[in-house]
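J.: dropping a prediction and its sequence here:
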Amino acid sequence: MAYDSARGVVVLFGGAYRESNQWHYLNDTWEWDGSSWDQVSSSEQIPQSRCRHAMAYDSERSVVVMFGGYYRDNQLGSQLLSDSWEWDGESWRQVSLEGPSARNSHAMAYDSTRGFVVLFGGYNFQEGGQYLNDTWEYLAGIEIPALDGPIMRADEEGVTLPELIYRVEPDYPDRARRARRSESLVILQAIVNTRGEVVFFSVLDESPSGYGFADKAVDAVSQWRFRPAIYNGRPVNVIIGFVVEFDLRY
């Protein structure tokens with residue numbers, strides 16, 4: 001469960017119960033407004049049934065973030081999950097990215113100062129059972145392991161922005177050429193790490209979409225190199241936005 005402070009409701013998803021010596025796993029979504037429960041449905045995709053997952057509310061973007069858990073298939077047995085989802089009050093959206101390994105019984109909380117959902121630990125009952133102690137942070141679709149040193153925003157006081165020292169121009173997508181799409185604008189968010197590398201991309205906007213512009217933008221920017229951002233005299237990891245323009249007319 002997680003509390004959606006913008007809408008004033010507690011959000012509950014899934015769970016499990018046992019009946020007639022058989023476990024049943026749920027994938028329904030409910031909201032509690034302080035006086036009654038309301039089952040809410042989504043016309044979009046719905047997460048897999050599960051229990052022992054974790055949820056946290058991102059108050060900056062007004063979404064509930066859910067990760068992991070497990071369910072039991074009567075034929076395949078217990079299955080661990082490693083998928084990430086967001087609930088915006090109307091529908092679930094699966095976030096496709098690399099992130100923590102499959103697990104259950106982990107902890108998640110939202111760090112409102114830095115704007116991250118933080119995940120810690122959990123349990124992997126496969127391969128003899130393993131308790132986990134890794135830390136992950138999630139921001140607007142980027143799921144990342146804790147990096148060396150702090151992760152800061154580019155607009156934080158005292159942060160000297162990274163300086164671009166090597167740039168690769170993006171290739172124009174063949175699909176867009178064939179469709180005679182002459183212009184595009186892609187907005188990315190990523191982290192410039194303490195070595196000046198660009199890592200952990202999230203596509204914030206792609207216009208028009210469906211022609212491969214975002215993939216080409218990520219391919220190019222991932223090769224860029226920077227002098228890293230500096231804070232208190234030391235290199236730091238910094239979250240930064242990138243605008244990549246495509247124009248066949250020039």
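T.: Structure received. Residues are numbered from 1 along each chain as shown.

J.: which residues does residue 229 contact?
T.: By C-beta atoms under 8 Å, 6 or more residues apart in numbering, the contact set of residue 229 is 152, 154, 159-162, 192, 235-238. Where you see a C-beta, it was placed from the backbone N, CA and C, and this is true even at glycine.

J.: which strand residues bridge it?
T.: Beta-bridge partners of residue 229, counted by DSSP bridges, are residue 236.

J.: any idea how far it lies from residue 73?
T.: Distance of residue 229 to residue 73, given as C-beta to C-beta, to the nearest Å: 47 Å.

J.: next: residue 213.
T.: In terms of C-beta to C-beta, residue 213 sits 39 Å off from residue 73.

J.: more crowded one of the two?
T.: residue 213 (26 against 10; other C-beta atoms under 10 Å).

J.: run the chain-centre distance for stretch 85-102.
T.: 7 Å (C-alpha atoms, centre = their mean, to the nearest Å).

J.: buried sites along that stretch?
T.: Using 16 or more other C-beta atoms under 10 Å as the test for burial, stretch 85-102 gives 85-87, 92-93, 95, 99-100, 102.

J.: give me the residues contacting it.
T.: Contacts of stretch 85-102 (C-beta under 8 Å, 6+ apart): 4, 7, 11, 13, 29, 42-47, 58, 62-68, 70, 80-84, 106, 119, 122, 124, 126, 132, 134, 136, 138, 141-143, 202.

J.: same check, this time on stretch 6-26
T.: By C-beta under 8 Å, 6+ apart, the list of residues contacting stretch 6-26 from outside reads 1-4, 27-34, 47, 49-51, 53, 55, 57, 59, 62, 64, 66, 69, 71-72, 74, 87, 89.

J.: in ChimeraX, select just the buried ones from these.
T.: Command for ChimeraX, covering only those of these found buried under the criterion 16+ other C-beta under 10 Å:
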select :2,4,29,30,31,47,49,50,51,53,55,57,64,66,69,71,72,87
